[in-house]
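A.B. asks: here is a sequence with its predicted model. Questions after.
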Amino acid sequence: EPEVTQTPSHQVTQMGQEVILRCVPISNHLYFYWYRQILGQKVEFLVSFYNNEISEKSEIFDDQFSVERPDGSNFTLKIRSTKLEDSAMYFCASSQGVGRNSPLHFGNGTRLTVT
Amino acid sequence: QKEVEQDPGPLSVPEGAIVSLNCTYSNSAFQYFMWYRQYSRKGPELLMYTYSSGNKEDGRFTAQVDKSSKYISLFIRDSQPSDSATYLCAMSVGGNKLVFGAGTILRVKS
């Protein structure tokens, strides 16, 4: 069964450094997302992306965050200057469409640790 | 009031039991309701996806949505130790901005 793949599985970085988290969505999907889960807390929406632009973003997704689809297969999340509170699991997801019959499929996440 | 409420458990049951997991919500605009299963250090895995009110069955799993009560349930029949995981409810208004519950930890003892 097709799946969303994310790399790396674990990323350790120092505060203030830039990180790029990478995702390969399911190949025939058109909508892409990033969610995050701080340890012990709920999974939270960050951003959705369609047709090479952001379609919706949450309050968490401030100017430190950016997303890009640099080629036909990858989808990336960049955090420009990491803070301690950015430590979390970051999940990429994709869907064929929006709404009915288009559920989100998630990858296994990247654990980001900011020291 | 939280937008989506889910008892975190843990819920511990013997193998073979029927499990009932529930979420309540406050936003009456939610139309799409999902249940995801999450094993430790893994991503959420879609189990059930329903639109509006009603029941949906898939193997040992049954999802129920009662929009009038703002209440959704997931039933697992003949529970197995491999069902031990965290179960997340999630819902959305129409797009794919999902709002998740906190997750219920389920432990099925053999």
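C.D. replies: Ah, there it is.
A.B. asks: skipping adjacent residues, who's closest to residue 12 in space?
C.D. replies: If you meant another chain, say so; for now it's chain A. A:Thr113 (4.7 Å; Cβ to Cβ, 6 or more residues apart in numbering or on different chains). Backbone N, C-alpha and C define where each C-beta goes, glycine included.
A.B. asks: wait, chain B
C.D. replies: Excluding its sequence neighbours, the residue lying closest to B:Ser12 (Cβ to Cβ, 6+ apart) is B:Arg107, at 4.6 Å.
A.B. asks: mind checking if the one helix or strand A:Phe32 maps to is in reach of chain B?
C.D. replies: A:Phe32 belongs to strand A:31-37 when assigned by DSSP states H and E. Yes. Against chain B, strand A:31-37 shows contacts by Cβ under 8 Å from any Cβ of the partner chain at A:31, A:33, A:35.
A.B. asks: surely the first one and A:Tyr50 touch.
C.D. replies: Yes. Assessed by Cβ atoms under 8 Å, A:Tyr31 is found in contact with A:Tyr50 at 5.0 Å.
A.B. asks: quick one: residues contacting the spatially most central residue of chain A.
C.D. replies: Centroid-nearest residue in chain A, with Cα atoms, centre = their mean: A:Trp34, separated by 2.9 Å. By Cβ atoms under 8 Å, 6 or more residues apart in numbering or on different chains, A:Trp34 lies in contact with A:21, A:23, A:46-47, A:67, A:77, A:90-93.
A.B. asks: ChimeraX command for the buried members of those residues?
C.D. replies: Only the buried members of the contacts of A:Trp34 enter the following ChimeraX selection, criterion being 16 or more other Cβ atoms under 10 Å in any protein chain shown:
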select /A:21,23,46,47,67,77,90,91,92,93
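A.B. asks: show the pLDDT at B:Glu45.
C.D. replies: If you check B:Glu45, the pLDDT there is 95.
A.B. asks: typo on my end, it should be A:Ser73
C.D. replies: Looking at A:Ser73, its pLDDT reads 89.
A.B. asks: which residue packs closest to it, ignoring adjacent ones?
C.D. replies: A:Val24 is the one closest to A:Ser73 (Cβ to Cβ, 6+ apart), at 5.4 Å.
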